[in-house]
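Chemist: Predicted model follows, preceded by the sequence.
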Amino acid sequence: MSERRSARDILTLVADPGTFTELPSPPRECAPDGPLGWQGYDASRARAAARTGEEESVVCGTARVEGTPAVLIAFEFGFLGGSLGERTGDRLEAAYTHARAHRLPVVPLIATGGSRMQEGMLALSQLQRVARQSALTREAGLPQIAVVRDPTTGGGWATLGAGADVVLALPGAQVGFAGSRVRPPGADPSAYTAESQLAAGSADAVVAPAELKEALGAWLRLLTSPSADAPAPPPALSGAGLPATGWDAVRRARAPERPRARAYLDVYFTHRRAISGDRCGGTDPDGILCGFGERDGRTVAYAAQTGAATRPAGFRTAARLIRLADRLGIPVLTLVDTPGAANDAEAERQGAGAAIAEVFGAVASARVPVTTLVIGEGGSGGALALAAPANTWATPDSYFSVIAPELAAAILKRPGQEVRTTADQLRIRPQDLVELGVIRGIV
């Protein structure tokens, strides 16, 4: 379990000194003991107020975080378990409305047990209000970055937390839809942790409290400072000339010493932050790297294949990245380097076709510029899904093919010694691709 901080303490931790200004609380007339007449409810609220110094379970206001202005929503778990009631909904709605009116990103700092039982279904329905406000803010092109603290459960996790664009979690925090008192008997408690949510693709990073302000500030800068131009393709990192034959192209693209995605990203960006996971239970850290980076002081999104077969979770993560970048007006750079999509039985069970379709659709519908560089193997549809139509480039040590030459020869029932001839016939060299009009040029 992580250290529990009050709402004011977490605000002090992340906000620049002297910049937090609390938003006014909307007035609401309440019947004695609330809308259900729950005996003792008013007394419970009064004790919570006396204990915490707060009038409700959330404190909302504006502040700067590492210089970037934002609306901060801090939950006070000491006030009835940070639960959501009608007054909580009023404050959340007002905070989101203020964010849209002033074009500010929203940062929920969540610590909640869920909806307030003493207000019954009226409390639960506040989740619909929150979801509506979040959707309107998303449509307005404003980022939402959630920080999930201990605990973050119930509807608070299922709306403000898991529904955010980027999810940061504090180490050891209890995070999950089911709180500790409502789980099935014998449920594994490790499944309901920040670390487990990261492994399952539902959080982007676990961040230590001492590093939270810097991480949050970096994310806010990146998501609010889009580049105005289409990304230029990175220069080739190897000094190789153009391949003489198709098989030479294949051999050089598969060479273990060839520069890979991390090397290109390190050179291209001043610094970068990664997103992780497809929000459907999966990650693919070995197959694709996705996130946002700073180049010349402005932000470019990236989705970079690493040379391995890309798994369904990797394609879904890339689609998530491209859709988010498009919504925030951030141009995208994709690096293609894969022998192809993973095609084992487990990949099929995980929805490989649908996941690849998501990426094709995200690239095709993007309103922001997308630039692609093929840096190694361009294996079939698993590579093409990430390629920008009419704006794809290639390095001299790469190839792009409808299918691997070995598989093409097998399908055509050719003997193994004809693989090299088949590679030439496929015209997969960078210079062939330029001549065919498949790519714009060679970097």
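Modeler: On my side now, so go ahead. Numbers count the residues shown, from 1 in each chain.
Chemist: Do I have it right that residue 200 meets residue 279?
Modeler: No - Residue 200 is beyond contact range of residue 279, at 9.3 Å (criterion: CB atoms under 8 Å). From N, CA and C alone the C-beta is placed, and that goes for glycine too.
Chemist: ok, residue 98 touching residue 22?
Modeler: No - counting by CB under 8 Å, residue 98 sits too far from residue 22 to count as a contact (11.3 Å).
Chemist: more crowded one of the two?
Modeler: residue 98 (17 against 13; other CB atoms under 10 Å).
Chemist: what's whichever strand or helix holds the more buried one packed up against?
Modeler: Assessed by DSSP states H and E, residue 98 sits inside helix 86-101. Packing partners of helix 86-101 (3 or more CB pairs under 8 Å, 6 or more residues apart in numbering; DSSP states H and E): strand 58-65, strand 68-75, strand 106-112, helix 126-139.
Chemist: So which bits of the longest one are buried?
Modeler: The neighbour-count criterion (16 or more other CB atoms under 10 Å) identifies 126-127, 129-130, 133-134, 137-138 as the buried residues of helix 126-139.
Chemist: what does that helix contact?
Modeler: Helix 126-139 has contacts (CB atoms under 8 Å, 6 or more residues apart in numbering) with 84-86, 88-89, 92-93, 96-97, 99-100, 106, 115, 144, 155, 158-160, 163-165, 327.
Chemist: and if you look at stretch 388-396?
Modeler: 230, 233, 236-238, 240-243, 252, 334, 336, 363-364, 369-376, 378, 400, 430, 433, 438-443.
Chemist: Over to residue 300. Which of the three states is it?
Modeler: For residue 300, the assignment made with DSSP: H, G, I helix; E, B strand; the rest coil gives strand.
Chemist: before we move on, the earlier item: okay, the helices and strands packed on helix 86-101 in JSON lines with distance to residue 204 and mean pLDDT next?
Modeler: Formatted as JSON lines, the helices and strands packed on helix 86-101 follow (distance: least, CB to CB, whole Å; pLDDT from 0 to 100):
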{"stretch": "strand 58-65", "distance to residue 204": "17", "mean pLDDT": "98"}
{"stretch": "strand 68-75", "distance to residue 204": "17", "mean pLDDT": "98"}
{"stretch": "strand 106-112", "distance to residue 204": "14", "mean pLDDT": "97"}
{"stretch": "helix 126-139", "distance to residue 204": "17", "mean pLDDT": "97"}
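Chemist: In the sheet, which residues pair with the most centrally placed residue in the chain? Tell me.
Modeler: Centroid-nearest residue in the chain: residue 275, 4.2 Å away (criterion: CA atoms, centre = their mean). Residues in a beta bridge with residue 275, per DSSP bridges, are residue 290.
Chemist: gap between it and residue 5?
Modeler: Taking CB to CB, to the nearest Å as the measure, residue 275 falls 25 Å from residue 5.
Chemist: Tell me which residues of stretch 388-402 come out buried.
Modeler: 388, 391-401.
Chemist: Can you lay out these as JSON lines showing pLDDT, distance to residue 48 and secondary structure?
Modeler: Shown next, in JSON lines, are these (pLDDT from 0 to 100; distance: CB to CB, whole Å; DSSP: H, G, I helix; E, B strand; the rest coil):
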{"residue": "388", "pLDDT": "97", "distance to residue 48": "54", "secondary structure": "coil"}
{"residue": "391", "pLDDT": "97", "distance to residue 48": "57", "secondary structure": "coil"}
{"residue": "392", "pLDDT": "98", "distance to residue 48": "58", "secondary structure": "strand"}
{"residue": "393", "pLDDT": "98", "distance to residue 48": "60", "secondary structure": "strand"}
{"residue": "394", "pLDDT": "98", "distance to residue 48": "62", "secondary structure": "strand"}
{"residue": "395", "pLDDT": "97", "distance to residue 48": "61", "secondary structure": "coil"}
{"residue": "396", "pLDDT": "97", "distance to residue 48": "67", "secondary structure": "coil"}
{"residue": "397", "pLDDT": "96", "distance to residue 48": "64", "secondary structure": "coil"}
{"residue": "398", "pLDDT": "97", "distance to residue 48": "62", "secondary structure": "coil"}
{"residue": "399", "pLDDT": "96", "distance to residue 48": "65", "secondary structure": "strand"}
{"residue": "400", "pLDDT": "96", "distance to residue 48": "62", "secondary structure": "strand"}
{"residue": "401", "pLDDT": "95", "distance to residue 48": "65", "secondary structure": "strand"}
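Chemist: any idea whether the nearest residue to residue 189 once chain neighbours are set aside is helix, strand or coil?
Modeler: Excluding its sequence neighbours, the residue lying closest to residue 189 (CB to CB, 6 or more residues apart in numbering) is residue 180, at 7.7 Å. Secondary structure assignment for residue 180 (three-state DSSP): coil.
Chemist: How many neighbouring residues does residue 180 have?
Modeler: There are 13 residues near residue 180, going by other CB under 10 Å.
Chemist: again with the one 10 residues further on
Modeler: Other residues lying near residue 190 total 9 when counted by other CB under 10 Å.
Chemist: Is it correct that it falls within a strand?
Modeler: No - going by three-state DSSP, the assignment for residue 190 is helix, not a strand.
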